[in-house]
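Engineer: Sequence isn't available, so here's the structure alone:
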């Protein structure tokens with residue numbers, strides 16, 4: 001029996017509104033559709049949503065964009081603090097028409113944090129409205145990805161990506177991986193950007209972050225995770241993790257366990 005499409009929720013927010021909220025592990029967000037767009041991103045940790053049957057993962061440097069009228073539901077697997085920006089449909093012009101992840105600028109996060117610090121859910125003054133407009137302009141300019149860790153059936157890329165998923169610590173170079181599928185380094189790199197939208201190096205770093213979260217949840221020691229992911233030292237792994245999430249691996253593990 002086909003799944004019923006959830007009804008539109010309401011009433012709609014102000015033309016643009018903001019909030020930063022803490023949600024405990026196990027919080028369930030039922031299937032819903034909104035008449036406005038939603039931008040969601042983690043203040044710390046990682047947001048993990050299912051939107052239109054696709055999984056979306058975003059560390060703090062990335063936000064999830066849900067266009068108006070797109071059905072979505074989610075469940076928090078751990079305690080999390082994240083920010084939401086709601087955008088009235090008529091202001092969504094120029095923003096993605098399908099769900100995706102957006103690379104956030106520091107300016108976007110600073111604007112949302114400013115509204116939160118002043119305990120404002122939306123623009124009040126003329127200056128506030130200017131800030132909101134700057135935020136929308138920044139979102140329209142933001143680099144877009146269909147997903148944080150994109151996939152492809154491309155015959156050159158798929159075997160390599162599959163191998164790396166099974167052994168994310170494999171340290172072979174781009175040239176070495178290209179040789180395994182009988183192509184040149186330049187061709188392989190160009191195909192990555194064409195099919196994945198990001199470089200091979202960035203894809204591999206994202207894979208390591210996703211794997212690190214799974215290993216942390218499984219209780220693996222940080223030193224062991226660093227080794228399994230191919231880092232020469234634990235400190236190098238911790239530095240990468242902190243740069244992408246704003247937290248250390250140990251802080252993240254404790255946060256996820258609540």
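Structural biologist: Sure thing, it's come through. Note that the structure is a prediction, hence the values are computed from the model and not measured.
Engineer: what's the neighbour count on residue 235?
Structural biologist: 10 (other CB atoms under 10 Å). All C-beta spots, glycine's among them, are computed from the backbone N, C-alpha and C.
Engineer: OK, contacts around residue 62?
Structural biologist: Residues near residue 62 by CB atoms under 8 Å, 6 or more residues apart in numbering: 41, 101, 102, 103, 104, 145, 148.
Engineer: Make CSV from those and add secondary structure to it.
Structural biologist: Output for those, formatted as CSV (DSSP: H, G, I helix; E, B strand; the rest coil):
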residue, secondary structure
41, strand
101, strand
102, strand
103, strand
104, coil
145, strand
148, coil
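Engineer: from those, which two are the most distant?
Structural biologist: 41 and 145 (13.5 Å; CB to CB).
Engineer: Of those two, which one has the most company?
Structural biologist: In this view residue 41 and residue 145 are compared by other CB under 10 Å, and residue 41 has more residues nearby, 25 against 20.
Engineer: and stretch 24-33, how far out from the chain's middle?
Structural biologist: Offset of stretch 24-33 from its chain centre (CA atoms, centre = their mean, to the nearest Å): 18 Å.
Engineer: With stretch 22-39 instead?
Structural biologist: 15 Å.
Engineer: Show the end-to-end separation of that stretch, please.
Structural biologist: 16 Å (CA to CA, to the nearest Å).
Engineer: Ok, stretch 82-101 next?
Structural biologist: 15 Å.
Engineer: What residues sit buried inside it?
Structural biologist: 82-88, 92, 95-96, 99-101 (16 or more other CB atoms under 10 Å).
Engineer: Same check on stretch 108-125?
Structural biologist: 108, 109, 111, 112, 115, 116, 122, 123.
Engineer: List the contacts of stretch 199-209.
Structural biologist: By CB under 8 Å, 6+ apart, stretch 199-209 touches 59, 148-150, 161, 164-165, 168-169, 174, 177, 188-189, 192-193, 196, 198, 229-230, 240-241, 244-245.
Engineer: mind checking how far that stretch is from the chain centre?
Structural biologist: Distance, centroid of stretch 199-209 to centroid of chain: 13 Å (CA atoms, centre = their mean).
Engineer: returning to what we had before: redo the buried residues of stretch 108-125 as CSV? Include secondary structure, pLDDT and distance to residue 156.
Structural biologist: Below are the buried residues of stretch 108-125 laid out as CSV (DSSP: H, G, I helix; E, B strand; the rest coil; pLDDT from 0 to 100; distance: CB to CB, whole Å):
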residue, secondary structure, pLDDT, distance to residue 156
108, helix, 93, 35
109, helix, 89, 37
111, helix, 95, 41
112, helix, 93, 40
115, helix, 94, 46
116, helix, 91, 45
122, coil, 91, 48
123, coil, 93, 48
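Engineer: Quick check: of those, which lies closest to residue 220?
Structural biologist: residue 109 (30.3 Å).
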